[in-house]
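below: sequence and its predicted model.
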Amino acid sequence: MRNVWIICRKELRSYFVSPIAYFLLAVFAFVFGFFFWLYVRNFILYGMESQMRGEMSPMNINEQVIRPLLSTVSVIGLFLIPMISMRLFAEEKRAGTIELLATSPIRDFEVILGKWLASVLLYGGMLLLTALNFTWFFKYGNPDWKPLAVNYLGLLLQAGTLLAIGIFISSLTRNQIIAGALTLGICLLLWVIAAVSDYESASWARILAYLSVLTHYDDSFAKGVLSIRDTAYFLSAIFLGLFLTARSVESLRWRS
């Protein structure tokens with residue numbers, strides 16, 4: 001695992017040496033900040049209007065603010081994840097350093113796992129920005145922390161799956177733009193195929209819906225439910241993405 005950590009630190013440094021990490025963090029913080037203000041504002045206005053009308057309707061900050069906010073985070077991440085993963089191998093190919101990796105004594109899975117882990121940690125840093133906002137809820141309110149923790153776990157698993165797909169696509173090309181565009185297209189496809197089950201009840205439609213990352217996040221993690229079935233789906237998808245990446249990198253080693 002020492003080599004994995006070395007590769008991971010190298011990739012994290014490369015993110016912050018270039019403007020990529022700062023740009024992603026700034027965009028993510030700005031967009032999330034806007035939605036945070038919007039949902040909190042609507043929650044407060046709804047409470048004030050209910051009091052003015054003399055209604056004592058129950059208000060739940062987890063259901064009315066935190067859950068929709070984190071669902072919004074998953075959508076924002078969908079468009080930023082390709083920007084995180086597109087350079088992981090494509091940049092190595094463009095710079096000509098992929099041959100050094102292919103002929104180095106470091107094993108392929110260590111290189112792949114290190115790069116993937118670095119991308120997950122960067123995304124985790126983005127999620128940390130959202131957690132800082134939620135600390136205000138615990139200071140001035142009384143939200144339930146357990147559904148929040150499960151929701152964050154779901155966001156990390158979902159991101160890990162999409163990043164595993166992204167790193168595989170990045171290993172297939174030396175062009176970062178192509179890698180990013182293909183990753184975005186596949187991520188969007190894995191997102192929208194969940195809608196097929198809304199209009200079709202055939203077996204093929206249920207299979208497509210099962211393959212959607214949105215289905216496995218919304219059905220359990222978004223509701224604060226820790227599901228073994230959905231966790232197994234994400235872990236299996238991560239393993240498949242990294243396995244395909246290993247086969248792609250192995251072909252580069254043989255060509256070298």
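Received it, and whenever you're ready, just let me know what you need. Numbering: from 1, shown residues only.

number of nearby residues for Tyr23?
Tyr isn't right for residue 23; it's Phe. 12 (other CB atoms under 10 Å). Heads up, the C-betas are built off the backbone N, CA and C, glycines and all.

equivalent analysis for Ile177, please.
Residues within reach of Ile177, counting by other CB under 10 Å, total 10.

residues in contact with Gly114?
Asn3, Val4, Trp5, Ile6, Ile7, Cys8, Lys10, Glu11 (CB atoms under 8 Å, 6 or more residues apart in numbering).

apologies, that question was intended for Met126.
Leu24, Leu25, Phe28, Gly77, Leu80.

what is the helix or strand hosting the first one packed up against?
By that I understand Leu24. Using DSSP states H and E, Leu24 falls within helix 20-52. Secondary structure elements in contact with helix 20-52, counted by 3 or more CB pairs under 8 Å, 6 or more residues apart in numbering; DSSP states H and E, are helix 67-85, helix 108-140.

now Gln64. Nearest residue, chain neighbours left out?
Once flanking residues are discounted, Gln64 sits nearest to Phe43: 5.5 Å by CB to CB, 6 or more residues apart in numbering.

Tyr199 now?
Nearest to Tyr199 is Ala205, by CB to CB, 6+ apart, at 7.8 Å.

neighbours of the one you found, just the number please.
So Ala205, with other CB under 10 Å, has 16 neighbours.

state the pLDDT value of it.
Confidence at Ala205, expressed as pLDDT, is 76.

so it touches Val196, yeah?
Yes. Ala205 lies in contact with Val196 (CB atoms under 8 Å); the separation is 4.7 Å.

ok so, going back, from Ile76, how far off is the residue nearest to Gln64?
20 Å (CB to CB, to the nearest Å).

buried set for stretch 5-13?
Neighbour-count burial for stretch 5-13 flags Ile7, Cys8, Glu11, Leu12 (criterion: 16 or more other CB atoms under 10 Å).

Ala149: neighbour count?
12.

Phe221 versus that one, what's the distance?
10 Å.

list the contacts for Phe28?
Ile76, Gly77, Leu80, Met126, Leu129 are the contacts of Phe28 under CB under 8 Å, 6+ apart.

may I ask which of those residues has the most neighbours?
Met126 (23 neighbours).

low pLDDT regions in this protein?
50-51, 53-59, 96, 98-103, 197-198, 252-256 (pLDDT under 70).

center of it - which residue?
Ala159 (2.1 Å; CA atoms, centre = their mean).

where does it fall, secondary structure wise?
Ala159 belongs to helix 145-170, assigned by DSSP H and E.

quick check: next helix or strand after that helix?
That would be, after helix 145-170 and using DSSP H and E, helix 176-192.

could you list the alpha-carbon positions for the following helix or strand past that next one in CSV?
Next in sequence after helix 176-192, counting helices and strands by DSSP H and E, comes helix 203-211. The C-alpha atoms that make up helix 203-211 are tabulated as CSV, following Å, rounded to 0.1, in the frame of the first residue of the first chain:
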residue,chain,number,x,y,z
SER,A,203,-37.9,-6.8,-17.9
TRP,A,204,-35.4,-4.9,-20.0
ALA,A,205,-36.6,-1.6,-18.5
ARG,A,206,-36.1,-2.9,-15.0
ILE,A,207,-32.6,-4.1,-15.9
LEU,A,208,-31.7,-0.7,-17.3
ALA,A,209,-33.2,1.0,-14.2
TYR,A,210,-31.1,-1.3,-12.0
LEU,A,211,-27.9,-0.2,-13.8
